[in-house]
Each structure stands twice: as structure tokens, then as C-alpha cells.
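Visitor: Below is the sequence, then the predicted model.
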Amino acid sequence: MGQKTMRTARFLQLAVFAIACMMAVGLAVPLQAHAADQVFADGEIAVIKVTAGTASYDEATNTLTLTNIKANDVYVNKPGTTIVLAGANTLRYQVETGADGISIAGSGSLAPMARTTNHLVTSIEGTTLTIRGGTLTGGVESGGNLVLAGGTITGEFEVGGNLTVSGATVKGPLEVGQDITVSKGSVTMQSGMFDKGLVESVQLRLWSRDGNLKISGGTVTVSNDRKDSSMMVACAGDLTVSGGKLDISDTYSGSSMFVSAGGNLTVSGGTFKLANAGGGELLLEGSKPQVKVTGGKLVLKNTQLGADRGNLNMTGGTLSVKCTGGDAIYGFKKATVTGGSFTAIGNKNGNAIEAASMNNKASCLKGVQGHLPKGAKFLLDGNEYQIQQENEVFLLNYGSKSTKATFGYSIKYGKSDYRIVGIGANAFNTKTGHKLKSIVFKDEDIYFIGKKAFYGTKALKKLSIGFCVEHKIKNDKLLDMRVSKSQKAKVAKNAFSKCGYKGGKGLTVAWCNATIGKADVKVHKKLLKSCGMSPQVKIKANSKKYTWLGLGWA
């Protein structure tokens, strides 16, 4: 507000002449002034050095009408005045308002004669200025609140209080002290008239210094049309998109886009799109921020989503983050995804999500590239898996339509390899699991089997499973094997209940690629029986003994 003192001094210099002019015209309504006249209405409204057009004031409606005028300045210090624009109007300097409730309307236009000031319209602190119509080519500086309800306004905007866009078409950088709220209309962040002249170096920006950014309707577009090296969209508080569209796109590869919020990010409707050719970041810089996606779309392309020990909670809508420069999503303490469509694609060496833990519905993950955190669930070939620790998963639910299930030494999901080290409770107790005739786990490091994992697999004739499990079924004498304490190997007592063809009589069990000595068949049957297996099961046996090969048993 550096011009505030200068404007006040100029206004006071005119005060005496304004009173004299009022006395000369008496109380006639409306008061008129023509070319070359100086117009004063009630001592509170002045149009200075009119050289063309007509300025008229209607006291009954408190309306100042400007029709094709050319003048130096317009001063309005009367509360509630409406300035109506008719035709093409030009000013050498500014429209300066010093009272509350002043508005600008009409179908005409207002533009500067030359670039002698950064702002075409100004208002003082503690007031609300409303623009309802007209075409204004020039910025607005408001010490108080600014409401843009209609018309088209192009220029640089500096607002000390709140900015509300409820129907206008706005073009230019915005710097606002408090909240920015867009419910209707359009806001376009572009260089426009600022390519040349006084403000050539102004950084393209949409900035709430101490408030929130809220989009509930309309369209907000940020484009790097003049190819700046960087752009900024930021708010000190929360960033909320509940409707409309926030589109931040940069096709210039030589720049980077930085979007930050000091509070929480909430997307419940509409679309928030952030796409950058040169890379960028959507960063939540507050203490333990929350990212909530309950509806709408949050789409980030070539951009990271980061937070400082925050939480991600998604119950609906679409969240898509694709970043080729590193981790797609990082810095979160916990990620919870229970609804909607979730995509996270990092670079080949990075994480899809970098978080301490994750809880999600496997069906919500629509696209993943990179590592997932502990607790994350995903679907592969109809089967559901859950990550236990780095590169290790449990099979939670068998959903494949094949009647022969063969699990290799590892599975690949999102271009990352995972070993199956456990079988969850009721994993094969499913509609498709009950139809299985053969189950083979080639990796011997299965160290956990949950309750009723194989319950109801009455068609099963062949079962081959890792012998880390065999070792943990109360048998320390058969093998001299060691399982890490961190694995906490465990087999539930009823893991094999109701398992096997013909009540178990038609089932043959083998331990991976190893074989069981004939003398040990009874021992193995006893061990399996303690976990719910039918005593009628057959154990694959021959005269071979286990041999240590340095990498494992065979």
C-alpha cells in the first residue's frame, strides 16, 4: 500500500475546490460535467481533469456514471456508491476509493492511457470493494476485501483482506493477505499486459499470504505463458477443492512449479490438476498435515506429493500421482485408502508411496510403480497380497479362477519383486479356493499360516509348501534349520482344517522341492494333524535326506 499516503494528500488538496464547486451547482440532481470540467458531487466524489466524455452523478441512487470519459483520476469517498461504466473510458492515473461498500458495474470499459501505475483501481483498508461488471484493463490494489462478482478484469491484484471471485473473469497474478475463495467465474494466472512496462519482472503467482485457498466452483487456470523459470501457487492455510477446477499446467521444460500449503489439503469434488513439463512438487509444509480425498479428482503429472509426517486418507474420488523424478508420494506417516481410484507411479528406483505404514483396500489400487509401504494391499492375477516388510508379502486371499495355483519364488507388482513368506487366515477359504486341485509354493520360506488358511479346499489333491513351516510345527529334531526371530514364524492350530480331497485321503503333501525320508512320514503326519490336517493325508517320501547346499535345503 505504498501509494496510500500520496493518494490521501491528493484527495485533501481537492477538498476545498470540491466544496466550492458544490456550492456553485447548488442541490441540483443529477449533477453534470462535460469535457474539460472537474466534477464534484456532494464533496465526496470527484472526476479530475475530464478532457472528453461525460461524468454524471445521481444522488438519489448514489450512482456515478462514466460515459466515454478521458480524465486523470476518479475519487469516490462516499459509502455505497456505484460506479457505472458506459462506453470506453480511460484514465491517466486511477480510480481511488476511500469508503466501504463501493462497487463498479456496467457494460462499458475502463483502461489506463499509459502504464504509469501498477493498479487501475484502489481501495483502503477496512473496506469492501465489489466489481460487478464492465471490462477493466488494469490491476486492483485493495487494503481491505475485494469481491469480483462480474465483468472482466485484467491486471495485477494485491489484496490485504479476503478475495472472493463469484462470477467475474479474472486475468493476472494474485497476491492476497487472507482467504482466496472462488465459487463461480474464471481466474487465469497469466502474464497478459505485464509482458512489458512497469511490472515486467513480476513472478507469475497465486498467493494467499496468511489465509486459505478455497475452490468450490468456476475455473482457476495457471499457465506459464511467458516461460518464467519458476511459478508459485501457495497459501499459508488450507487448500480445499470442493467443486469447479484448479488447473495448473506448464508445458515449458525449463521451469518448475511449486505449489504449497501450510495447512491441510482436501479434495471432495471438482478437479485439481497439476502437470509440469519441467517437474514440480505439491508440498504440505505444516506440522503433521492431513491430505483428504473424498471425491472429485486430484491428478499430479511429473509432480511429487509430499508432506512432513502427515497422513493421507482417501475414501472416494480419484488420486493419481505420476512422477519420473523420484518418489511419487513421500513424507507421510500413514496412508489410508478405503475407497476411490488410487494411482502412484514413481521412477524405477523410487517409491510409489514412501510412508511408515499403509492401510488400504486392494481393489482401490489402479496403478502402481515403485515400492509400497508396510501394510499396503494389492491385487495380482485375482489374488490379494499384503506387504509385511520390504520385499516380503503375505497371500491374503486367493481369487484366481485357475484350479491349479503355482506360486514362484517371487511375484512382481508395480515393477517391484516380492517374496511370499506367509499365508493369511482364510486365504484359500474362498469360492475359487474351494475348487483348487493343486497348490504349489516353490519358495521354502513360508513362515506363517493363519487360521483356516486352507479350510474347505475339498478338491485339493496336491499341496507343496515351504519347509520353514514344517520346522515350526513343534519339530526341532528333524532339521537343523534357523529362522530369524524377526519373522516370528507361526502356524495356526486349525490352518489345515477341512483340507484335502476325500476328507484328506486323496491329498498328497510335499515340502517344496525337498523330499521326506520314509521313516519320518509318521512324524510329519503327526505334525500336520496338530494343525488340523486329516491323518489320512499322504506324505511324499523316498530315501533321500535333506542336504545343505549353502543357499538352502534340497
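Guide: Received, thanks. Numbering: from 1, shown residues only.

Visitor: which residue is nearest the centroid of this protein?
Guide: In the chain, the centroid-proximal residue (C-alpha atoms, centre = their mean) is L298; its distance is 4.6 Å.

Visitor: isn't that one right up against G317?
Guide: Yes. Contact criterion C-beta atoms under 8 Å: L298 and G317 qualify, at 7.2 Å. (Glycine included, C-beta is placed from N, CA and C.)

Visitor: which residues are common contacts for those two?
Guide: V267 (C-beta atoms under 8 Å, 6 or more residues apart in numbering).

Visitor: just to revisit the earlier point, any idea how far the residue nearest to the centre of the chain lies from L282?
Guide: L298 sits 9 Å away from L282, going by C-beta to C-beta, to the nearest Å.

Visitor: Mark out where each domain of this protein begins and ends.
Guide: 1-161, 290-380, 392-542 (automatic domain parsing).

Visitor: who wins for proximity to D210 among those?
Guide: Smallest distance to D210 across those (C-beta to C-beta): 10.0 Å, for domain 1-161.

Visitor: And the closest one, how far out from the chain middle?
Guide: 41 Å (C-alpha atoms, centre = their mean, to the nearest Å).

Visitor: And for stretch 441-454?
Guide: With C-alpha atoms, centre = their mean as the basis, the mean position of stretch 441-454 lies at 39 Å from the chain mean.

Visitor: Can you get me the start-to-end distance on it?
Guide: 13 Å (C-alpha to C-alpha, to the nearest Å).

Visitor: what stretches of the stretch 351-500 of the chain score poorly on pLDDT?
Guide: Scanning the stretch 351-500 of the chain for pLDDT under 70 picks out the ranges 444, 466-489.

Visitor: my guess is L129 is in a strand, correct?
Guide: Yes. Using DSSP: H, G, I helix; E, B strand; the rest coil, the assignment for L129 is a strand.

Visitor: Now do the residue lying closest to it once chain neighbours are set aside against T294, distance only.
Guide: Excluding the flanking residues, the one nearest L129 by C-beta to C-beta, 6 or more residues apart in numbering is S123, at 4.1 Å. Per C-beta to C-beta, S123 is found 37 Å from T294.

Visitor: follow-up on the earlier one: with distance to F272 as extra columns, can I get the domains of the chain in a markdown table?
Guide: Shown next, in a markdown table, are the domains of the chain (distance: least, C-beta to C-beta, whole Å):
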| stretch | distance to F272 |
| --- | --- |
| domain 1-161 | 21 |
| domain 290-380 | 5 |
| domain 392-542 | 24 |
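
Visitor: what's the helix or strand for A510?
Guide: Take DSSP states H and E as the rule and A510 turns out to sit in strand 508-510.

Visitor: What is that strand packed up against?
Guide: Contacts defined by 3 or more C-beta pairs under 8 Å, 6 or more residues apart in numbering; DSSP states H and E place strand 508-510 against strand 462-464, strand 538-539.

Visitor: Would you mind listing where the protein has pLDDT under the threshold?
Guide: 1-41, 115-117, 190-204, 224-231, 251-257, 277-278, 444, 466-489, 511-520, 541-554.

Visitor: how about the helices in this structure?
Guide: 4-25, 467-472, 521-529 (DSSP state H).

Visitor: The strand ranked longest in the chain: partners in the sheet, and parallel or antiparallel?
Guide: Taking DSSP state E as the criterion, the chain has its longest strand at strand 265-284. Each strand paired with strand 265-284, and its direction, by DSSP bridges: strand 239-250 (parallel), strand 256-261 (parallel), strand 290-293 (parallel), strand 297-314 (parallel).

Visitor: Any chance of CSV for these, columns distance to Y418?
Guide: CSV is the format used below for the strands paired with strand 265-284 (distance: least, C-beta to C-beta, whole Å):
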stretch, distance to Y418
strand 239-250, 35
strand 256-261, 33
strand 290-293, 26
strand 297-314, 22
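
Visitor: which one of those strands lies closest to M533?
Guide: Closest approach to M533 among these (C-beta to C-beta): strand 297-314, 41.3 Å.

Visitor: any idea how far G269 is from A344?
Guide: 22 Å.

Visitor: just I124 next, same as before
Guide: Taking C-beta to C-beta as the measure, I124 falls 49 Å from A344.

Visitor: Kindly report the same for I387.
Guide: From I387 over to A344 the distance is 14 Å, taken as C-beta to C-beta.

Visitor: neighbour count winner among the two?
Guide: Between I387 and A344, counted using other C-beta atoms under 10 Å, the more crowded position is A344 (28 against 22).

Visitor: Which positions are bridged to that one in the beta structure?
Guide: The partner list for A344 in beta bridges (DSSP bridges) reads V321, V368.

Visitor: Chain neighbours aside, what residue packs nearest to S416?
Guide: Nearest one to S416, counting by C-beta to C-beta, 6+ apart, is H371 at 5.3 Å.
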